[in-house]
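curious how this folds, go ahead:
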Amino acid sequence: MDTYRKRPIRHPLLYLSIIGLVGISLLFIWNIWLGLGFALVMMIGLVYAWKVERASYIQIEKYIETLSYRMKRVGEEALLEMPIGIILINDKFIIEWANPFMLQILGVDSLLGEELFVLSDELFELTKSDEKSDLTITIGEKKYRVIFKQTERLLYFFDVTEQVEIKTQYYADRTVVAILFIDNYDEITQGMDDQTRSLTNTLITSIINEWSENHGIFSKRISSDRFLSILNESILSELEKGKFAILDDIREKTAQKNLSLTLSIGVGAGSSSLIKLGELAQSSLDLVLGRGGDQVAIKQPDGKLKFYGGKTNPVEKRTRVRARVISHALQDLIQESDQVFIMGHKNPDMDAIGAGIGVRKMVEKNKIKGYIIVDFNELNGSVSRLMQEIEKNSDIYQYFITPEEAKLKMTEKSLLVIVDTHKPSLVIDEQLLNICDKIVVIDHHRRGEDFISNTTLVYMEPYASSTSELVTELIEYQPENDKISKLEATALLSGIIVDTKSFTLRTGARTFEAASYLRTYGADTILVQRLLKEDINTYIERSKIIQTVEFVQRGIAIAHGEDHRQYDSVIIAQTADILLAMKDVSASFVIAHRPDGLIGISARSLGEINVQLIMEKLGGGGHLTNAACQIEADTISEAQQMLKKAIMETFEGSNEE
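Residues are numbered from 1 along each chain as shown. Below is the predicted model:
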């Protein structure tokens, strides 16, 4: 307003005065009387114009004063009466002022002198921010979005209860697609007569329909062994809380009829696109089947996964037809390549080395050069003794090369075969995966989310005892022009024996068939026992670890090494095996420092507890009965707490990845 008072009235009058003075000057020069007359007229005009402009400024000034007053009233009303909570705090987070609406929210007469965090502990994190920030908190039964302005030390509370409810309802009503698969339907019903098969179908359908009706799910049988289910996020949440009891219902109710049927479910969620949901559901189901079935996998568009179930050991259900098809497909890939490179996992065990030797034999049968990639610094224990035996008694040793040598030899036509693992982070040299265009994966572990991409051929059978068993079957369908040597057969048999704990775990009829085939070609069981022998010091180290055992839950034993010592991964695994053989132990875990600076955990179980799910929570994997992980932790105690937390979370429900 002061600006308008002091503003000189000069723009039109100044210009008019200048024009008038010029005109008067000219008239005075030409005629004095005419000049005086014009000057008088100019004076009158100037006075009139000044009065008009002055009146205009006064009117504008009054309007601005009125507007300013109204704006001030509106500001006061907004501050005191609008439904927005406002709190002013000092540097010590003590409330210095709160508007009436904030007092109304809390149902108090005054907040003066109270600590801000009395309202909510969540406000502490908000006030730590250096910039303007916000969060949503709950006060009473309502949700408030809180905005904090650091400079002014002001907090604004906006009621967003309705928005949150709408958002929650939206997410709760989002469509979810699930595909249900009867794992071993074909095998069970193959020998049934029509009446028995019909009764079995009726039993399965009635169990799934009852489950669907109880939870408000639409389910439709789309083939003999598949169902399609449509539900929403809120129903999915209920199913997660119940840990998908349908898995147990199918297993138990069919068992009463002497049918060993299990259910696998792939779920697609988190997308508004029905096509995307269908793709996610199918991808989840493929993952579950790759892990052995009897599980549920829930997949989000961002790749996030949750697993439920997996309580039973996968039953052997692969067929020789599949082994023959894979063997012939692999033969074609080998023959199309100029060289074949075989690579296992870091710190290879007898299964990885044995499988590698077996694959190289297949390559040799097809008259192609084959190389086994190893890091000679990682060889120890029985693997080291096997390598010494190979070096002394066979010409195979020349085909063992380092990753650096492999990089120099590889060409665009080379083939890379990965054995005994499917995780890129676990292979001996991950860079080789990027160099080679054609990659084959042969593995017996349950498939995890972390998987080698751009594979040309994948042969994963979690029902197999070992990768050596799978490779042995593949060899049977290769050309017979070059027989397996005694040492090659022994290496493959060693892999089977180690992974089955001398044919006691994960052993099926096909395992014995593979062992029999290897014995036919002279596999030496005495040599196997000699390779697997251990020294006294190793035995003593294991005994010291076992002395630390403690039971965290019924049947779950945890033992650990010393903080200032490093242990070989084989010792850690062997100790877990020994613990599992003890009375009242259903699952064993052994924790110890590794030479690579990480802390290793080996897990074993008899099948009642799925140790794979527990290890996956810590970034590892494996089988239901045999798993492991490596974690970054400073002390054994820290790793122990992480393990106990993973065990508790697994018993409470899901496995998130």
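
in a strand, residue 628, correct?
Yes - counting by DSSP: H, G, I helix; E, B strand; the rest coil, residue 628 falls inside a strand.

ok, it touching residue 577?
No - using Cβ atoms under 8 Å as the test, residue 628 is too far from residue 577 to be in contact (11.8 Å). All C-beta spots, glycine's among them, are computed from the backbone N, C-alpha and C.

which one of those two has more residues nearby?
When residue 628 is set against residue 577 and neighbours are counted by other Cβ atoms under 10 Å, the residue ahead is residue 628, at 22 against 16.

that one: what's it in contact with?
569, 573, 600-603, 615, 620-622 (Cβ atoms under 8 Å, 6 or more residues apart in numbering).

which one among the residues you listed gets closest to residue 545?
When the contacts of residue 628 are compared for distance to residue 545 (Cβ to Cβ), residue 602 wins out at 10.6 Å.

paired strands for the host helix or strand of residue 459, with orientation please.
Element membership for residue 459 (DSSP states H and E) is strand 457-460. Paired neighbours of strand 457-460 in the sheet (DSSP bridges): strand 438-443 (parallel).

tell me the buried residues in stretch 384-392?
Across stretch 384-392, burial judged by 16 or more other Cβ atoms under 10 Å covers 385-387, 389-390.

where along the stretch 301-450 of the chain do the strands fall?
Secondary structure of the stretch 301-450 of the chain (DSSP state E, counting those that start in this stretch): strands located at 305-309, 339-343, 369-373, 400-401, 415-419, 438-443.

highest mean neighbour count out of the ones you listed?
Most buried of the strands of the stretch 301-450 of the chain, by mean neighbour count (mean count of other Cβ atoms under 10 Å): strand 415-419, with a mean of 30.

contacts for that strand, please.
Counting by Cβ under 8 Å, 6+ apart, 333-334, 336-337, 339-344, 352, 355-356, 359, 410, 427, 432-433, 436, 438-443, 452, 467, 471 sit against strand 415-419.

try 7 Å this time
The contact list for strand 415-419, computed with Cβ atoms under 7 Å, 6 or more residues apart in numbering, reads 333-334, 337, 340-344, 352, 355-356, 359, 427, 432, 436, 438-442, 452, 467.

and stretch 485-492, by the same measure?
Residues from elsewhere that reach stretch 485-492, judged by Cβ under 7 Å, 6+ apart: 353-354, 357-358, 361, 386, 389-390, 393-394, 468, 471-472, 518, 521-524, 527-528.

ok, of the residues you listed, which come out buried?
Listed as buried from those are 353-354, 357-358, 361, 386, 389-390, 394, 468, 471-472, 518, 521, 523-524, 527-528; burial here means 16+ other Cβ under 10 Å.

returning to what we had before: just the CA coordinates for the strand holding residue 459, please, in PDB.
The C-alpha coordinates for strand 457-460 follow below in PDB (Å, rounded to 0.1, in the frame of the first residue of the first chain):
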ATOM      1  CA  LEU A 457      19.600 -76.400 -23.100                       C
ATOM      2  CA  VAL A 458      18.600 -77.100 -19.500                       C
ATOM      3  CA  TYR A 459      18.500 -80.500 -17.800                       C
ATOM      4  CA  MET A 460      17.400 -80.000 -14.200                       C
END
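
what's downstream of that strand, the next helix or strand?
Elements were assigned by DSSP H and E; along the chain past strand 457-460, the next helix or strand is helix 467-476.

next secondary structure after that next one?
Downstream of helix 467-476, the first helix or strand assigned by DSSP H and E is helix 486-500.

and the contacts of whichever helix or strand comes after that following helix?
Later in the chain than helix 486-500, the nearest helix or strand by DSSP H and E is helix 509-520. Contact with helix 509-520 is made by 316, 465, 469, 472-473, 476, 489, 492-493, 496, 500, 503, as judged by Cβ under 7 Å, 6+ apart.

need the least confident one among the strands of the stretch 301-450 of the chain, by mean pLDDT.
Among those, strand 305-309 carries the lowest mean pLDDT, a mean of 82.

partner strands of it and their direction?
strand 295-299 (antiparallel), strand 655-656 (antiparallel).

contacting residues for residue 597?
So residue 597 contacts nothing (Cβ under 7 Å, 6+ apart).

which of the contacts of stretch 485-492 fall in helices?
Among the contacts of stretch 485-492, the members falling in helices (DSSP state H) are 353-354, 357-358, 361, 386, 389-390, 393, 468, 471-472, 518, 527-528.
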